[in-house]
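Peer 1: I'd like to go over a predicted model; first the sequence, then the structure.
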Amino acid sequence: MRRMMRAHGLDPDRMRQANVTLMRDVERVCTRCKSAGKCRRELDAGTALVHYHECCPNAATFDDLVSSAEVPTFP
């Protein structure tokens with residue numbers, strides 16, 4: 001989850017400080033994911049942002065976070 005957030009330019013630590021409840025939900029969904037291996041391979045290959053909609057149950061959440069001006073990102 002942290003790696004996918006970073007791939008999107010999101011700072012997981014700052015996100016946790018800003019919205020603990022949202023981060024718990026994202027973590028819960030990620031830990032139950034059936035595509036963790038594919039996610040890991042895509043992240044390792046540097047292709048996660050191209051294919052995450054195919055397998056990531058948090059894809060819509062990550063999309064919303066990236067589009068939100070209120071979300072902590074990396075400087």
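Peer 2: Done, it's in. Residues are numbered from 1 along each chain as shown.
Peer 1: Just the pLDDT for A48.
Peer 2: Each residue has a pLDDT score; the one for A48 is 95.
Peer 1: Please compute how far the lowest-mean-pLDDT helix or strand in the chain lies from its chain's middle.
Peer 2: Counting by mean pLDDT, DSSP states H and E, the chain has its least confident helix or strand at helix 12-18, which shows a mean of 90. Offset of helix 12-18 from its chain centre (CA atoms, centre = their mean, to the nearest Å): 12 Å.
Peer 1: repeat for stretch 43-62
Peer 2: For stretch 43-62, the distance to the chain centre is 8 Å (CA atoms, centre = their mean).
Peer 1: Now the least confident helix or strand of the chain: buried residues?
Peer 2: 12, 15 (16 or more other CB atoms under 10 Å). (C-beta placed from N, C-alpha, C; glycine too.)
Peer 1: Restricting to C-alpha, output that helix in CSV.
Peer 2: This file holds the C-alpha atoms of helix 12-18, laid out as CSV (Å, rounded to 0.1, in the frame of the first residue of the first chain):
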residue,chain,number,x,y,z
PRO,A,12,1.6,7.8,3.4
ASP,A,13,3.0,9.3,6.6
ARG,A,14,1.5,12.7,6.0
MET,A,15,-1.8,11.1,4.9
ARG,A,16,-2.0,9.2,8.1
GLN,A,17,-1.5,12.4,10.1
ALA,A,18,-4.2,14.2,8.0
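Peer 1: Following that helix in sequence, what is the next regular element?
Peer 2: helix 20-31 (DSSP states H and E).
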